[in-house]
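Asker: Quick one, what's the 3D model for this:
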Amino acid sequence: MIATLIRRSARTFTSLLSTAAAAGAVLTAAAGSLAPALPISVQVQRGGDDLAAHIRGLSAPEARERAMAACRISRMRGTDVTTAREALLALLGDGEEVEGRLCREWGNWRGGRERTSSPGREAAIAIERVGDGALEPLLDVLDDGTPTARENAALALGLLESSLALDALGDAARDDQAEAVRAQAAWAMGMIESSAALDTLERVLQDDSPLVREQAAWALGMIEASAAVPALIRAMDDANQGVREEAAWALGMIEAADAVPGLQRALRDESADVREQAAWALGMIESADGVEPLVGALRDEDADVREQAAWGLGMIESSTAVAGLLEALRDEDAEVRKQAAWALGMIEDGAAVEGLMAALEDEDVEVRKQVLWALTRCIEGDDVELDYAALAEKLRRALLGGGRG
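Answerer: Numbers count the residues shown, from 1 in each chain. Prediction:
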C-alpha cells in the first residue's frame with residue numbers, strides 16, 4: 001500500500017461572488033494516485049501526553065494499539081519525542097493492516113479509496129517529529145530493511161523533505177525489487193522538490209510498473225521544472241490511464257506552453273479522468289491555443305469534463321470563448337452552468353450580458369448567484385447599453401429565488 005498525499009484536485013473551482021477566490025481557484029488541496037495529501041481531522045482521542053506510555057504502546061499485542069500509539073506520538077506537538085526514535089524505527093517493518101482512519105488519511109486522487117493503515121505506516125508519520133536525528137537511521141532501513149520497512153522508511157524520508165536523502169531515494173526508486181518501495185521512493189523525491197532528482201525521475205517514468213510511473217509523473221509535477229516537459233509529454237501516450245492523468249497534472253503544474261498540443265489530444269482520451277485533467281492543465285497554462293479545444297470540450301459527454309473546460313476558459317480569459325460559454329449556460333448540469341457563468345465573468349466581455357441576463361432565471365439558486373456576479377463584471381468591464389427596467393426585474397426575481405418558476 002503506497003502512502004501518498006492527496007494531490008490538489010483538478011476539480012476545485014471558485015467561490016461565488018469573489019474575484020480573489022476566482023483567481024485562486026486553480027486547485028484545491030487536493031491528485032494521481034500520487035499526489036501529496038493534507039492531513040484530515042483526527043478521529044481518535046489523544047490519550048494524553050505521556051510519551052513513555054505511548055512508547056510502551058508501540059509494542060502492544062494488538063496492531064491497532066501499536067498504530068494508535070505511534071499516532072499519538074505524532075500528535076504530541078511541543079514535546080521532544082526523540083526518545084521514541086528507536087522504538088519507532090523498529091516498528092517500520094510492521095505491516096499488519098489496521099482498518100479505519102487513524103491520525104491521518106493518506107488517500108489517492110481517485111477518491112481516497114485507502115481506508116486502512118498499519119503500525120509501520122503510523123510510525124513513519126510519527127518519526128518525522130524526531131527531525132534530522134532520524135535521517136541516518138532511516139537511510140539504513142531504506143538500504144537493508146524488509147520491503148515493508150523500506151517502503152515506510154521512504155515515506156518518512158519524504159515527510160522529512162531532506163535533500164540529503166535524494167541519492168538513496170533515487171537508488172531505491174530505480175533499483176529496489178519491490179514495486180511499493182520504488183513507488184514510495186519516487187513519491188518522496190517529489191516531496192523534496194529538488195531539480196537534482198529530475199534525471200532519476202525521468203528514468204523511473206519508464207518503470208515496468210504503472211504505479212511507479214504514476215508516482216514519478218506526480219513527483220516531476222511537484223518539482224515544476226521545465227526540463228521535465230519532454231518526458232511528461234511522452235508519458236501522455238502511456239498505455240496506463242493513471243500515468244496519462246498524472247502527466248497531464250504535472251504539465252499543468254509546470255505551466256508548459258509547449259505541452260499544449262499534447263494536452264489538446266488528451267481532450268479526446270478514452271478516459272474522462274484524463275480529459276478532465278487535460279482541461280485543467282490547459283487552463284493552468286493559459287495559452288490562447290487552448291481556447292478552441294476547450295470550447296469543443298464544453299460538449300464532452302462527461303459533465304465533469306465540461307465543467308473543467310469552462311474553468312479552463314475562464315482562466316485563459318479570451319473573448320473568443322464567449323459564444324461557447326453562453327451555450328454552456330444552458331447545459332443540463334447545474335455545475336457546468338455555474339462554472340460557465342464564472343468563466344464569462346472572468347472574461348468580462350459585454351457580448352455576454354444578454355445571455356447572462358437570461359440565465360438570471362436559472363432554476364438553480366447557486367447558478368443565479370454566479371450569473372449575478374458575472375453580470376456585474378461584464379457590465380463594469382464594457383460599455384454596454386442596458387434595459388435597466390428589465391434588468392431590475394430580473395434581478396428582483398433572481399434575488400427572491402424566482403428562477404424559471
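Asker: And the strands in the stretch 1-150 of the chain, which stretches?
Answerer: Ranges of strands in the stretch 1-150 of the chain, per DSSP state E, counting those that start in this stretch, are 98-99, 116-117.
Asker: what does the stretch 301-405 of the chain give?
Answerer: Assigned by DSSP E, counting those that start in this stretch, the stretch 301-405 of the chain shows no strands.
Asker: Do a quick rundown of the helices in it.
Answerer: Using DSSP state H, counting those that start in this stretch, the helices of the stretch 301-405 of the chain run over residues 303-316, 322-328, 334-347, 353-359, 365-381, 388-399.
Asker: next one: the stretch 151-300 of the chain
Answerer: Assigned by DSSP H, counting those that start in this stretch, the helices in the stretch 151-300 of the chain fall at 166-175, 179-192, 198-204, 210-223, 229-235, 241-254, 260-266, 272-285, 291-297.
Asker: Give me the helices and strands touching the second one, please.
Answerer: The criterion is 3 or more CB pairs under 8 Å, 6 or more residues apart in numbering; DSSP states H and E, and the helices and strands that helix 179-192 contacts are helix 147-160, helix 166-175, helix 198-204, helix 210-223. Glycine gets a C-beta too; all of them are placed from N, C-alpha and C.
Asker: Please identify the deepest-packed of these.
Answerer: The highest average neighbour count among the helices and strands packed on helix 179-192, using mean count of other CB atoms under 10 Å, belongs to helix 210-223 at a mean of 29.
Asker: Now do that one against helix 166-175, angle only.
Answerer: Angle, helix 210-223 to helix 166-175, by axes from the mean of the first three to the mean of the last three CA atoms, to 10 degrees: 150 degrees.
Asker: is it true that Ala124 touches Asn152?
Answerer: Yes. Contact criterion CB atoms under 8 Å: Ala124 and Asn152 qualify, at 4.0 Å.
Asker: still on that earlier bit, mind putting the helices and strands packed on helix 179-192 in TSV, mean pLDDT and distance to Val130 included?
Answerer: Converted to TSV, those look like this (pLDDT from 0 to 100; distance: least, CB to CB, whole Å):
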stretch	mean pLDDT	distance to Val130
helix 147-160	97	9
helix 166-175	98	18
helix 198-204	98	26
helix 210-223	97	24
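Asker: In JSON lines, list these along with distance to Val295.
Answerer: Shown next, in JSON lines, are these (distance: least, CB to CB, whole Å):
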{"stretch": "helix 147-160", "distance to Val295": "40"}
{"stretch": "helix 166-175", "distance to Val295": "40"}
{"stretch": "helix 198-204", "distance to Val295": "34"}
{"stretch": "helix 210-223", "distance to Val295": "26"}
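Asker: closest to Ile192 out of these?
Answerer: Ile192 lies closest to helix 166-175 among those, at 6.2 Å (CB to CB).
Asker: where's the nearest residue to Ala328 once chain neighbours are set aside relative to Ile379, distance?
Answerer: Once flanking residues are discounted, Ala328 sits nearest to Ala340: 3.7 Å by CB to CB, 6 or more residues apart in numbering. Using CB to CB, to the nearest Å, one obtains 18 Å as the distance from Ala340 to Ile379.
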